[in-house]
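*Asks:* predicted structure and sequence below. I'll ask about it afterward.
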Amino acid sequence: MKISWGTSLVLAIFSFIAFIMFFVITMITDKAYSHDLVVEEYYKNELTFQEQLDKTINASLLSENIHLEQTSEGLVISFPKELESASIKGNVFLYRPSNKQLDSEIPLSLSSHQLLVPDSRFIDGRWNIIIDWEYKGEKFYFKEDILY
């Protein structure tokens with residue numbers, strides 16, 4: 001039996017459509033490809049972007065910025081030594097871009113210039129560490145992405 005060029009063209013088009021539909025259905029139904037927004041109120045947070053930039057500039061004017069270090073006990077967050085640790089107030093936000101149930105917030109109440117976030121709070125993968133803090137009325141902002 002001989003297949004004409006018209007029949008071959010129709011079979012090729014249907015094969016291509018089936019190929020594309022397979023990938024579309026796979027992407028829609030597979031949980032591995034499901035991603036949430038990092039924050040629920042994305043547009044509301046974007047309106048405060050200029051304030052965040054001002055805080056970031058304030059942090060860059062310090063003699064040293066916040067430093068993150070991964071240890072066997074967890075993540076050590078070191079604040080500038082020139083500041084009084086008791087006067088530092090704010091929050092540490094731990095965002096997991098791939099799973100919002102793992103997101104957490106830690107209020108800052110320091111007795112030294114370091115804060116240890118225990119290893120049990122993290123699972124392997126990417127984390128966005130955001131520290132929104134103030135020192136004697138001046139506001140600062142720090143953000144770093146890490147692989148734990």
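*Replies:* Ah, there it is.

*Asks:* pLDDT weak spots in this structure?
*Replies:* 33-40 (pLDDT under 70).

*Asks:* surely L102 touches I123?
*Replies:* Yes: between L102 and I123 a contact is recorded at 6.8 Å, counting by C-beta atoms under 8 Å. For every residue, glycine as well, the C-beta is placed using N, CA and C.

*Asks:* quick check: neighbours shared by those two?
*Replies:* R96 (C-beta atoms under 8 Å, 6 or more residues apart in numbering).

*Asks:* between the two, which is the more surrounded one?
*Replies:* Each of L102 and I123 has its neighbours counted (other C-beta atoms under 10 Å); L102 has more, 15 against 11.

*Asks:* got the domain ranges for this protein?
*Replies:* Domain assignment for the chain by automatic domain parsing gives 1-34, 42-147.

*Asks:* how far off centre is stretch 49-61?
*Replies:* 18 Å (C-alpha atoms, centre = their mean, to the nearest Å).

*Asks:* need the contact partners of it.
*Replies:* 65-66, 132, 138-143.

*Asks:* let's see if you can find the most crowded of those residues.
*Replies:* Ranking the contacts of stretch 49-61 using other C-beta under 10 Å puts F140 first, with 25 neighbours.
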